[in-house]
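Asker: Predicted model and sequence follow; I will ask about them next.
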Amino acid sequence: MAIAFYIEYPRITAVEITGSARKPKLKRVEVGDLPEPRNEDGTLMVDRQGYLNEQVSAFVKDRKLSGGKAILLAGPEAMRYREVKLAFSDKRNIDKVLQYQVEGLIPNIPIEQLTVGYNILQNEPDGARLLVHAADKDYIRQRIIALEEAGCTVDAVDSNLSGTMNIGLLHEAFAKGSAPALWLDFAGTSATVAVVHDGEVQTARVFLAPYLAGASGATATAEEAKAAGKKAAAEAERRAREFEAGDLDQLDHMDMDEEYVLDTSATDSATLPKSESVNIGEAEVADRIRHMSRDELQKFITRVAVEAKRTMLISRFDADPERVVVSGLGVAGDELAGLLGDELGIDDARAIELVDAVNPPGNSIDTPDVGELSYLCGTALKGVGRDYTGIDFRYGDLAAGTLMDYAKTPLAFTATLVLLFAGIMFLISYTHARQYERDIAALRDQDLGPKYFFTAAFFHTKKADEKSAPSAALKKLRDYPDMSDDPGSEIRLAHKRMKDTQAILQGLTTDLYARPHPADLILVEILKTIQNAKPSYDFALMRCDILESGVTIQYMASITETPAERLRAGAPEQKEADRMFYAFRDLADAHPEWFEGAPTQDEGSKTQVGPEGREANQMTLKLKLKKIEPPKKKPATAPKTGAK
């Protein structure tokens, strides 16, 4: 089972193919809406990838399309095609040089923004002719991400022309051994013209049928239509004479400069009009043809015939086509096939339906009338083992990730969080340590310092020692340790001597100390609280101080967050500052052993963030820490005297 997806505004289309490469079967066709990613005020969304992920996930979940092999279709709006001749036919050498060859053939687009595939049209004694398929890399990456977020593993990515050839050559009209045929396929407003011989494509091109698209190229009068037809015919004859005269260099130059794109003029455009796209189905195509005037129909036939002649000239195919095969025109196919045959001077002309190869008449399922159905079915055939071109755009930085690739992002995030946590703790510890050293030095050097109290503690023991004769070890404990180079060690050693002396005199062996608040655990909970509060696109954590008396957090809270963004955050009625405040209030309630009372929050200055003119407020949120109380000590016990 294989499922092919075509994701392009204003809809998502998916077809499911079952069976085998020899006997494929169309199981179902699913169509869903994909509106433009706009906010309520009509402006484009900032997070368009997130919007696309949500729409595709909902479509896949509602239609239960996550099983089987998933194939992504790169539609005509993302594709460019070129016919290239190389001096060798070895695929390994072709793979090495093709990227450099294509770079000079597609102007105005850096090669880094394209992903390239090809199929060999014909092996010749002096090399090979290739049909190059170049796709927009960002277009593919966005849709792969959306499908993988929806739970589909994208096994391959292919083009619309590749899908058309894949399903078309499965039809009996192009079986091996059949006579050379000129094949014209209309998928919505785009058209493919190819020369097929012995079950192989000799050349193929894609162009826009302007009258089906409703483009502005239609002439208003019969005179203008005739003039345009004569001009197109004269151009085709001129190129034919150049070819017959052997001016191959000029023909090669023409071949490289010609755009194999969907275009109604000589401009280097690669996209269809947004109002039309290629999504109209056969019924609408037939209806448009039926409502054409005679002049419009004649010019349409002339335009298509000129494109067919150009294709045959560019291909340099030795044998002239003996048949005309038309597909994708529905009920209007037979009539137009005859008209095109008359225009081209070919008597054998017929119309076929490509989808019949996977949805045979008499045992067919109902399908929606969408223009992309034929090449979407052809793309899905890759998943059941039929792949005429062998093209897959999933390579390089678009290739499916390994386990390590998928783990890199969470590992990098975890490592960053650990380093951030370690850095904050280091700064806190370093600051506290320096202040601690200064406080210790000041404590040691003051008049009523540790030495004063140490001496006072043992002031009255001198007379008692004369009678009790204490041991040398006990006397040593009563000597104050002067360590001017290390005041901290001096105070700690003095304290230890006093404690040990007290333990000996009172028979105590244990003591208790006050435990400070765990700053590391508090920091982790703060970071979790920020994450649970669903920070916005504009959120920025500026400062987080954890001191003995309390916690101070400074952050940027968005004030231009849209209702749609709040809805995705799960809090449609709460501003970001309110979400953060309520989250930290819950944190204070959940940890009464750390915090005392509710948090307080102050609003600061307003500033602009990001290149889209968005704004945020600088907020200061404070949490008060509980005062650390020393534990209660055990009651002192009187020393044993031995008296009864």
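Answerer: Yep, that arrived. Residues are numbered from 1 along each chain as shown.
Asker: In three-state terms, label residue 515 for me.
Answerer: Put simply, residue 515 is coil when judged by DSSP: H, G, I helix; E, B strand; the rest coil.
Asker: ok but residue 422 is inside a helix, no?
Answerer: Yes - according to three-state DSSP, the state of residue 422 is that of a helix.
Asker: Now do it, the pLDDT please.
Answerer: Residue 422 carries a pLDDT score of 86 in this model.
Asker: do the same with residue 486
Answerer: At residue 486, pLDDT is 84.
Asker: Neighbours of it, how many?
Answerer: By other C-beta atoms under 10 Å, 12 other residues sit near residue 486. To be clear about C-beta, it is placed using only N, CA and C from the backbone, and glycine gets the same treatment.
Asker: Check residue 457 too.
Answerer: 16.
Asker: begin at 55 from here
Answerer: Understood, numbering begins at 55; the last thing we discussed is residue 511.
Asker: Go ahead and confirm it touches residue 549.
Answerer: No - the criterion here is C-beta atoms under 8 Å, and residue 511 misses it with residue 549 at 10.9 Å.
Asker: residue ranges of the strands in the stretch 455-604 of the chain, please?
Answerer: Along the stretch 455-604 of the chain, counting by DSSP state E, counting those that start in this stretch, strands occupy 594-600, 604-612.
Asker: Show me the strands in the stretch 255-404 of the chain, by range?
Answerer: Using DSSP E, counting those that start in this stretch, strands in the stretch 255-404 of the chain cover 377-381, 402-406.
Asker: Contacts only, for residue 616.
Answerer: Counting by C-beta atoms under 8 Å, 6 or more residues apart in numbering, residue 616 makes contact with 93, 94.
Asker: quick one, phi/psi of it?
Answerer: Dihedral pair for residue 616: phi -80, psi 160, per degrees, to the nearest 10.
Asker: list the contacts for the residue lying closest to residue 407 once chain neighbours are set aside?
Answerer: Residue nearest to residue 407 in three dimensions, not counting chain neighbours: residue 381, with 6.5 Å by C-beta to C-beta, 6 or more residues apart in numbering. Neighbour list for residue 381: 222, 225, 237, 238, 239, 240, 387, 405, 406, 407, 408, 428 [criterion: C-beta under 8 Å, 6+ apart].
Asker: how about a markdown table for those, with pLDDT, neighbour count and distance to residue 71 added?
Answerer: Below are the contacts of residue 381 laid out as a markdown table (pLDDT from 0 to 100; neighbours: other C-beta atoms under 10 Å; distance: C-beta to C-beta, whole Å):
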| residue | pLDDT | neighbour count | distance to residue 71 |
| --- | --- | --- | --- |
| 222 | 91 | 27 | 15 |
| 225 | 90 | 17 | 15 |
| 237 | 93 | 28 | 22 |
| 238 | 92 | 28 | 25 |
| 239 | 91 | 25 | 19 |
| 240 | 88 | 26 | 22 |
| 387 | 85 | 23 | 24 |
| 405 | 93 | 22 | 24 |
| 406 | 92 | 21 | 19 |
| 407 | 91 | 17 | 16 |
| 408 | 90 | 26 | 13 |
| 428 | 90 | 28 | 13 |
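Asker: now, which of those sits nearest residue 250?
Answerer: Nearest to residue 250 out of those is residue 237 (C-beta to C-beta; 5.2 Å).
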